[in-house]
Each structure stands twice: as C-alpha cells, then as structure tokens.
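Participant: predicted coordinates and the sequence they were generated for:
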Amino acid sequence: MLVFLFLLFAAMAIGCALAMVAQRNPLYSAISLIGVFISLACLYVMLAAPFIAAVQVIVYAGAIMVLVVFVIMLLNVEHEERRPNRLKFLVPVAVVLAAVLIGEVAFILVTVPDFQVTASSNVGLTHSIGSMLFTRYLLPFEITSILLLMAIVGAMTLARRGGMLSPNARVVPGAQQFTAAMVDPAAAPDDLTLVETETTGEAARLLGVEDLRDPAKRD
C-alpha cells in the first residue's frame, strides 16, 4: 500500500511539474505548481515528517502561491509570447542535465538500503523541531529573522527613493490637462482655466519642450 501511494504521489508531482513547464498560460502554470507542492506534502507525510508537510502546504501552496497568482493577475499576462530562440544550445544541455538527474535518482534507489522509521522516532515532529529551534538553534533563527527584516526595509527604501529626475526635467504625457497659469506666463497665477492636450507633441508645445528627442534640448 505504501509503495502504491508513493508511486501515486510521485507521478502526480512529476505530472504537475511537466504541466507547469509545458503550459503557455502563466496562471495554469501556477496552478500546476500548487499541485506539485501538495504532492510533495503527501510524500513528506509518508516519510513521517508532518511538520514539514504542513509548512509545505501553508507557506508554499498557500501564502507564496497566492502572491504569485496575485502578481500574474495584476500584470494581466494571458499567454506566452513566442520569440526566436537565440540560445539553441540550451535544449541539448537541458536534456543532458535531465538524464544526469534521472541517473542519480536511479543510483540512489539501487544503492541506498531501505530506511525504516521506528514508532519511537520523533524526527520531523512539531515538538522536536520547536524545541531544537528555540534552544540549540535559537541564534541562527534570530539572525535569519534579522536578515529578512533588512531585506524588507531595503525593498521599501528602494521603492520610496526619489530624485531619479532632476528638478529641471519635465515629463510630458500623451494626454493631460493643464491650467492656464502653467502654460501661459502672461496668465494670472490663480487662473485655473483647463487647457487639454491630446498628443505628446501638443503637450510639449504648451510646456515649451517642442522636441523631446533632441538631446540638446533635454535637461
């Protein structure tokens, strides 16, 4: 029975992995990756590691994949765009690496003896992992949390950083509304009459930047 379940979950993991690579729709690829995570969680349960299986489902199949699906739907990516393959040597390299990986798996299955998990073993249980995590490995755990905090602060700093354009630079949109005081020096400062533009060239003429492509006229 265990062999049958192992073959079933292993086949599900391999099938979902192949579907993830073969799908041209990124949303379907993300759903296939969730299938891979769930299959791996089932294999972890069979290996008497329920904590790792729960983390696999909660963290990877739950939180991370929700973020990936959210980004895919936010970018509104529907299908993969076919482009000319410039690195044609990658296909035979991938085939060779896949053959090497299959050979390694076959070697391990043939040479490594069977491992039997005893009933008294507490390896992989939540209690044993928690006790080791907050006693013997407390310092590495706290260092990891500090590194994650530094990465979050750095990402926020890069996202909020300004000053990419000089104070004299002007960004001209394709269609915009300006006030008369912005485009006419002779107008009163409190003149809020709207002046509409429909093209980039029209907006450039109103702002006094007639040729944006001329480097001599840029800031």
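Facilitator: Happy to help now that I have it.
Participant: quick check: buried residues in the helix or strand hosting Thr157?
Facilitator: Thr157 is part of helix 138-160, with elements assigned from DSSP states H and E. Buried residues in helix 138-160, counting neighbours by 16 or more other C-beta atoms under 10 Å, are absent. Bear in mind the C-beta positions are built from the backbone N, C-alpha and C, glycine included.
Participant: and if you look at stretch 29-46?
Facilitator: Those would be 29-45, for stretch 29-46 by 16+ other C-beta under 10 Å.
Participant: please apply the same query to stretch 8-27.
Facilitator: Residues Phe9, Met12, Ala13, Cys16, Ala19, Met20, Gln23, Pro26 are the ones in stretch 8-27 that count as buried (16+ other C-beta under 10 Å).
Participant: format those as JSON lines; extra columns: secondary structure.
Facilitator: As requested, these are arranged in JSON lines below (DSSP: H, G, I helix; E, B strand; the rest coil):
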{"residue": "Phe9", "secondary structure": "helix"}
{"residue": "Met12", "secondary structure": "helix"}
{"residue": "Ala13", "secondary structure": "helix"}
{"residue": "Cys16", "secondary structure": "helix"}
{"residue": "Ala19", "secondary structure": "helix"}
{"residue": "Met20", "secondary structure": "helix"}
{"residue": "Gln23", "secondary structure": "coil"}
{"residue": "Pro26", "secondary structure": "helix"}
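Participant: which one of those residues is nearest Ala54?
Facilitator: For the buried residues of stretch 8-27, the closest approach to Ala54 (C-beta to C-beta) belongs to Phe9, at 16.1 Å.
Participant: pop the domain breakdown of this structure in here.
Facilitator: Listed domain ranges for the chain are 1-78, 176-212 (source: automatic domain parsing).
Participant: what values do phi and psi take at Phe134?
Facilitator: When quoted as degrees, to the nearest 10, the phi and psi of Phe134 stand at phi -110, psi 10.
Participant: ok, it - contacts?
Facilitator: Phe141 (C-beta atoms under 8 Å, 6 or more residues apart in numbering).
Participant: got the confidence number for it?
Facilitator: In this model, Phe134 is scored at 84, pLDDT.
Participant: repeat for Arg161
Facilitator: Reported pLDDT for Arg161: 60.
Participant: could you tell me the end-to-end distance of stretch 113-125?
Facilitator: 23 Å (C-alpha to C-alpha, to the nearest Å).
Participant: now it: average pLDDT?
Facilitator: For stretch 113-125, mean pLDDT is 61.
Participant: 17 is where my numbering starts, stick with that
Facilitator: That works, and once the first residue is 17, the last one we named lands at stretch 129-141.
Participant: low-confidence stretches in this structure?
Facilitator: Flagging of the chain using pLDDT under 70 yields the residue ranges 93-99, 101, 130-140, 177-235.
Participant: that's all I had, so thanks and see you.
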